[in-house]
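Peer 1: Could you look at this predicted model? Sequence included:
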Amino acid sequence: MSNLRAKISKATSKKVPVLALVVVAMFGMVAGVLAANLTVAQTSNTGEIGTYHTSTGTMTVTDNGLGVVANTAAAATSATFPTSGNNANVNNALTAGHWFDQVTFTDTLTDSAAHTATITVRNNTGPAGTLLATATFTLTGPGASSTGTITAYVDTGATSLTSPITVYVTIT
C-alpha cells in the first residue's frame with residue numbers, strides 16, 4: 001500500500017506544475033487579447049465635389065458617382081427614353097480598368113425630339129481643373145408620358161484620379 005501511495009504522490013507532483021503552466025498560459029493569452037488596443041483611423045475622401053447641370057427643362061439629371069470599368073465596350077452615343085420604368089444606356093468607348101462617371105437622365109416632357117447631352121469630367125484643383133473627358137449623347141424623348149431613364153457611363157480615360165472631380169452636364 002505504501003508503494004501505491006508513493007506512486008500517486010509522485011504522479012500528482014508532476015501533473016500539477018504542467019496543469020498550472022497550461023492555466024497560466026491560457027490566462028495570459030486571454031489577458032493579452034483583452035488588453036490589445038484597437039485603433040480605427042478614418043480616412044476622409046473628398047472624391048467628387050459636385051455636378052453642375054444646365055438644362056432646358058426637358059429632363060432631370062442625377063449624378064450617381066464614380067466607378068471602375070469592368071469590361072471594355074464600344075461607344076453607344078444615342079438612346080430613346082423607354083416608356084415604361086426601364087432603363088436605356090449610353091456610353092463613350094469604355095476601357096476596362098478606367099474610372100467612369102455615371103449620370104442618369106429622366107425625361108420630364110412627352111416630346112419625341114432629340115436632345116443633346118454633353119458631359120464634361122474634370123479633376124484636380126484650380127478654376128477649371130484638368131480635362132479628363134467630354135462625351136456627347138443624343139437622347140430622344142419617348143413621345144408620351146414616360147417613367148423610363150437613360151444612364152450615361154463616361155469613361156474618364158484615367159486609371160487614377162486626383163481629387164476633386166467635377167462633372168458638368170449640359171442639355172440642349
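Peer 2: Nice, thanks for sending it over. Numbers count the residues shown, from 1 in each chain.
Peer 1: where does the protein have low pLDDT?
Peer 2: 1-24, 27-57 (pLDDT under 70).
Peer 1: Tell me which stretches of it form strands.
Peer 2: Using DSSP state E, the strands of the chain run over residues 48-54, 59-68, 78-80, 87-91, 99-107, 114-123, 130-140, 149-155, 165-171.
Peer 1: so what strands line up beside the shortest one?
Peer 2: Each strand that pairs with strand 78-80, with its direction, by DSSP bridges: strand 130-140 (parallel).
Peer 1: cool, and the second one?
Peer 2: For strand 59-68, sheet partners with direction are given as strand 99-107 (antiparallel), following DSSP bridges.
Peer 1: Contact partners for T151?
Peer 2: Applying C-beta atoms under 8 Å, 6 or more residues apart in numbering, one finds that T151 lies in contact with N64, N87, A88, N89, V90, Q102, V103, T104, F105. From N, CA and C alone the C-beta is placed, and that goes for glycine too.
Peer 1: now those residues: which count as buried?
Peer 2: Among the contacts of T151, those buried by neighbour count (16 or more other C-beta atoms under 10 Å) are A88, V90, Q102, V103, T104, F105.
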